[in-house]
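1. just coords:
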């Protein structure tokens, strides 16, 4: 339960550290490094999208359905709001993963594949891709002949593990730090 309290703090620190990292070393950059600038910009947008999508995770863990119903929220309204929030979460997170992949590709083109902090970025991207794939398996509810019920159950268990989220936040903090 203590980890649930640390996740919002880690997410906030992650987002704030991107501002500090973005200000470092801008004076010694050359004007012909447009690929690196675009790569850094896409990485920053991906971090903001990740933070916005992460709000769903924090709010969903904090909401207790019974309390909401006691407060007068109707089940239909709750379901509609939950579906809307889940769709927003999915699009933001899949978009952040795609944009992070683009960021990694642009940065690798300008700096090299295993130069500087690219290894921590690749680990963060792998974690994001893992969470995205398991999330899509849960979200789409693919036909039973495509994905078996035990696989969907395993995907749910894999997707909601807090240690994976902590691993993502730690690798992103290392990448930005």
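-> Perfect, thanks for sending it. On a predicted model such as this, the values are computed, not experimentally measured, just so you know.
2. for the rest of this, base every contact and every neighbour count on C-alpha atoms.
-> Fine.
3. tell me the spacing between the most centrally placed residue in the chain and residue 112.
-> Centrality entry for the chain: nearest residue to the mean C-alpha point is residue 50, 3.9 Å, by C-alpha atoms, centre = their mean. Shown here: residue 50 relative to residue 112, a distance of 25 Å by C-alpha to C-alpha, to the nearest Å.
4. ok, back up a step: same question for the helix or strand hosting the residue nearest to the centre of the chain, mean pLDDT?
-> For residue 50, the element it lies in under DSSP states H and E is helix 34-62. The average of the pLDDT scores along helix 34-62 is 83.
5. list the buried ones in it?
-> Judged by neighbour count using 16 or more other C-alpha atoms under 10 Å, the buried positions of helix 34-62 are 35-37, 39-40, 42-54, 56-57.
6. low-confidence ranges in the protein?
-> Residue ranges of the chain with pLDDT under 70: 1-36, 64-66, 69-70, 141-147.
7. in it, which spans are helices?
-> 2-23, 34-62, 65-70, 75-111, 118-140, 149-159, 162-176 (DSSP state H).
8. and the helix holding residue 50 with helix 118-140, angle?
-> Interaxial angle, helix 34-62 versus helix 118-140 (axes from the mean of the first three to the mean of the last three C-alpha atoms, to 10 degrees): 50 degrees.
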